[in-house]
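**Student:** coords please:
(chains A, B, C and D)
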Protein chains: 2
Amino acid sequence: MSSDMPRPRSLTPDRIASAALTVIDRDGLTGFTMRAVAAELAMSAMALYRYIDDRGELERLVVERVLDGIDVSPPDPKLPWAARVTLLLRRMRAAVAAHPAVAPLVPVHRHRSAAVLRWTETVLGLLTEAGLTGERRVLALRALLGYLLGAIQLEHLGPLAGAGTAALAELAPQAYPHLADTARTARHIDPDAEFDGGLALLLRGLTAPPD
Amino acid sequence: MSSDMPRPRSLTPDRIASAALTVIDRDGLTGFTMRAVAAELAMSAMALYRYIDDRGELERLVVERVLDGIDVSPPDPKLPWAARVTLLLRRMRAAVAAHPAVAPLVPVHRHRSAAVLRWTETVLGLLTEAGLTGERRVLALRALLGYLLGAIQLEHLGPLAGAGTAALAELAPQAYPHLADTARTARHIDPDAEFDGGLALLLRGLTAPPD
DNA sequence: CTCGTAGGTATACATCGTACGCCTACGAGG
DNA sequence: CCTCGTAGGCGTACGATGTATACCTACGAG
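**Tutor:** Next up, the predicted model:
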């Protein structure tokens, strides 16, 4: 055999992910098409299939690329424990916020990302430091992860995340008194503060007495 | 004009939603097609467009149908406060769990559902009873909603929600020690208990001192 | 009975993911 | 240098999808 390297060319997975991300940032998820990504790489659509199996794998690459930028180093140990956890969650949230259109893809492909593994390991380290082990640590992680993913969905899939809240404040006069009132208050809250605030409530619960 | 009712026929929005849900339950989201839903109704695909504007509206109908079954009556006031909130969240979770394949559609169309409005109003009532008002109530609602939506995503979009956790327990031997350990523990936890447990942590934080 | 309207359908089109088969560039072996 | 096998790259094509358009038709009001 003359086997080894007959034609070692062109693309790296990273360049592909990068092109796909460019397309998504520019045209949104609906513009995220095999043909569009190929065009972004100045290739034919089918050429992509020399590097990936199918659309699913492309999505996976995009999610991994978005999440790979996350800094997973443990924050300064001198910070209060809650502040350190908050920092880590904020980093993940910020990574997604930098490319809002990929938000719906994150929950689907999250578990295949090495970055997420590292991030989770770091978070677990912090939880362990706080004295959480065994089942309590599992529950704490699940609660944090649930809150994080849910918050991301709420921010990027909501009724345009603010316009709808405004509508709620108008509508529902006496049929939904609490709702109308809450929506009115919510309009004045900064999204970052809202994320941090909800998280703070959760963290307070995590560190309560071990039953 | 002879205007009023020239031909008053066939379908109600509810029958349409019902047929769509049948299709989704049987064939999953990928089988959820205009043609498939039409076939389920023994009609041509285009006939559907006499009743709905586009696919998006069909999705909305499905989500509304799934969520409409939720019991939004306030639970027995003799129950502890946390138990009452838990009950309401469980109801929403159960409604989605009854049709797992629609889970990805829920965050997208949630805000247009009257059932969600009523449900939210009830939850807000409970939060108010617990002494939460103003910003604190907004944050509490957001945290609960985030946790709920996130938990639903985690359960239905995970790595087949269990198989992946198992894989994590095997993999990642010394590279991710905390993770491997946590995954091993997680395998023995019932999903319902996990949901309730994480929620309990959050609720504990909600009722802590008002800063 | 008639007639206008809304119900229902058939057909058609653009766009999507991707299977298939063909050329071609290029690195290794002579 | 030539040649040759392999993998890169492309053109075409197919089935599926959402939906626009134009048509026929059943039916209730007059």
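**Student:** all contacts plus neighbour counts: C-alpha atoms, from now on.
**Tutor:** Fine.
**Student:** Now for the closest residue to residue A:41 other than its chain neighbours: which residues touch it?
**Tutor:** Spatial nearest neighbour of residue A:41, excluding adjacent residues (C-alpha to C-alpha, 6 or more residues apart in numbering or on different chains): residue A:19 at 6.5 Å. Listed by C-alpha atoms under 8 Å, 6 or more residues apart in numbering or on different chains, the contact set of residue A:19 reads A:37, A:40-41.
**Student:** what helix or strand is residue A:19 on?
**Tutor:** Using DSSP states H and E, residue A:19 falls within helix A:13-27.
**Student:** and that helix, what's its mean pLDDT?
**Tutor:** For helix A:13-27, mean pLDDT rounds to 98.
**Student:** Beyond that helix, next helix or strand please.
**Tutor:** Remark: after helix A:13-27, the chain's next helix or strand is helix A:34-40, criterion DSSP H and E.
**Student:** Return the set of buried residues in the helix or strand just after that following helix.
**Tutor:** Next in sequence after helix A:34-40, counting helices and strands by DSSP H and E, comes helix A:55-68. The neighbour-count check on helix A:55-68 (16 or more other C-alpha atoms under 10 Å in any protein chain shown) flags A:58-68 as buried.
**Student:** DNA strand C next: which of those are close?
**Tutor:** Among these, none lies close to DNA strand C by the criterion of C-alpha under 7 Å from any atom of the strand.
**Student:** May I see these organised as a markdown table, with distance to chain B and pLDDT added?
**Tutor:** Converted to a markdown table, the buried residues of helix A:55-68 look like this (distance: C-alpha to the nearest C-alpha, whole Å; pLDDT from 0 to 100):
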| residue | distance to chain B | pLDDT |
| --- | --- | --- |
| A:58 | 17 | 98 |
| A:59 | 15 | 98 |
| A:60 | 13 | 97 |
| A:61 | 16 | 98 |
| A:62 | 17 | 98 |
| A:63 | 15 | 98 |
| A:64 | 15 | 97 |
| A:65 | 19 | 98 |
| A:66 | 18 | 98 |
| A:67 | 17 | 98 |
| A:68 | 17 | 96 |
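**Student:** Could you single out the nearest of these to DNA strand C?
**Tutor:** Taking C-alpha to the nearest atom of the strand as the measure, DNA strand C lies nearest residue A:58 of the buried residues of helix A:55-68, at 8.4 Å.
**Student:** May I see the buried residues of stretch A:125-141?
**Tutor:** Under the neighbour-count rule (16+ other C-alpha under 10 Å), stretch A:125-141 has A:125-127, A:132-133, A:135-141 buried.
**Student:** again, but for stretch A:66-83
**Tutor:** Buried residues in stretch A:66-83, counted by 16+ other C-alpha under 10 Å: A:66-68, A:70, A:72, A:75, A:81-83.
**Student:** biggest separation within the residues you listed, which pair?
**Tutor:** Largest separation among the buried residues of stretch A:66-83 by C-alpha to C-alpha: A:66 and A:81, giving 26.7 Å.
**Student:** Would you mind checking which of the buried residues of helix A:55-68 is nearest to DNA strand D?
**Tutor:** Using C-alpha to the nearest atom of the strand, residue A:58 is the member of those that lies nearest DNA strand D, at 15.4 Å.
**Student:** how does chain A divide up, domain by domain?
**Tutor:** Here the domain parsing of chain A from automatic domain parsing is A:13-67, A:76-206.
**Student:** would CSV of those domains with distance to residue B:100 be doable?
**Tutor:** Output for the domains of chain A, formatted as CSV (distance: least, C-alpha to C-alpha, whole Å):
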stretch, distance to residue B:100
domain A:13-67, 21
domain A:76-206, 14
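**Student:** which stretch in these has the least confidence?
**Tutor:** Note on the domains of chain A: domain A:76-206 shows the lowest mean pLDDT, a mean of 92.
**Student:** Longest helix in chain A, by number of residues?
**Tutor:** Criterion DSSP state H: the longest helix present in chain A is helix A:134-157.
**Student:** quick check, that one touching chain B?
**Tutor:** Yes. For helix A:134-157, a contact with chain B is found by C-alpha under 8 Å from any C-alpha of the partner chain, at A:134-135, A:137-140, A:142-143, A:145-151, A:153-154, A:157.
**Student:** and if you look at stretch A:105-123?
**Tutor:** Yes. Stretch A:105-123 is in contact with chain B by C-alpha under 8 Å from any C-alpha, via A:107-108, A:111, A:117-118, A:120-121.
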